[in-house]
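Participant: What follows is a protein structure lacking sequence information:
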């Protein structure tokens, strides 16, 4: 099984910064560098939305419109970890942030999710 554990969430004032981490592990999860990784978030009473993603190589990144220029996704394949640096935080960034690992093998999608970490931004 694949296990993703997020950390780094917390309470921060508007304009502040947080750095989220997502560590991957598992008996069969020996190829972290083969997975595209992403961050999603879900506010109270809202749907889960895309935040950012990074390709397996780290070369390609994508961001949701609401976080472009403020958030940066990165990965360290040697540590099986993906990061989300969040700057200039706004109250509307308050949500549970989830990490996702994605890989396609023979046209079959394999997706794994973490349990989430709470980010609260006070005004």
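Facilitator: Structure received. Predicted model, so just to flag it, every value in this text is computed and none were measured.
Participant: Averaging pLDDT per element, find the lowest-scoring helix or strand in the protein.
Facilitator: Every helix and strand of the chain was ranked by mean pLDDT, DSSP states H and E. The lowest is strand 108-113, at a mean of 93.
Participant: where does residue 119 land in three-state SS?
Facilitator: Using DSSP: H, G, I helix; E, B strand; the rest coil, the structure places residue 119 in strand.
Participant: any chance you could map the strands in the protein?
Facilitator: Counting by DSSP state E, residue ranges of the strands within the chain are 3-7, 10-13, 18-25, 36-42, 48-54, 61-63, 71-76, 81-86, 95-105, 108-113, 117-122.
Participant: mind putting the ones you listed in a markdown table, mean neighbour count included?
Facilitator: Glycine gets a C-beta too; all of them are placed from N, C-alpha and C. Shown next, in a markdown table, are the strands of the chain (neighbours: other Cβ atoms under 10 Å):
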| stretch | mean neighbour count |
| --- | --- |
| strand 3-7 | 17 |
| strand 10-13 | 13 |
| strand 18-25 | 19 |
| strand 36-42 | 22 |
| strand 48-54 | 19 |
| strand 61-63 | 15 |
| strand 71-76 | 18 |
| strand 81-86 | 23 |
| strand 95-105 | 19 |
| strand 108-113 | 12 |
| strand 117-122 | 17 |
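Participant: Isn't residue 71 up against residue 87?
Facilitator: Yes - the pair residue 71 / residue 87 is scored as a contact, 7.2 Å apart, by Cβ atoms under 8 Å.
Participant: any idea how far residue 41 lies from residue 54?
Facilitator: For residue 41, the distance to residue 54 equals 16 Å [Cβ to Cβ, to the nearest Å].
Participant: residues near residue 26, how many?
Facilitator: Neighbour count of residue 26, defined by other Cβ atoms under 10 Å: 14.
Participant: Point out where this protein drops to low pLDDT.
Facilitator: 27-30 (pLDDT under 70).
Participant: Contacts only, for the residue nearest the centre of it.
Facilitator: The residue lying closest to the centre of the chain (Cα atoms, centre = their mean) is residue 39, at 2.6 Å. The contact partners of residue 39, taken as Cβ atoms under 8 Å, 6 or more residues apart in numbering, are 20, 22, 51-53, 73, 82, 84, 97-100.
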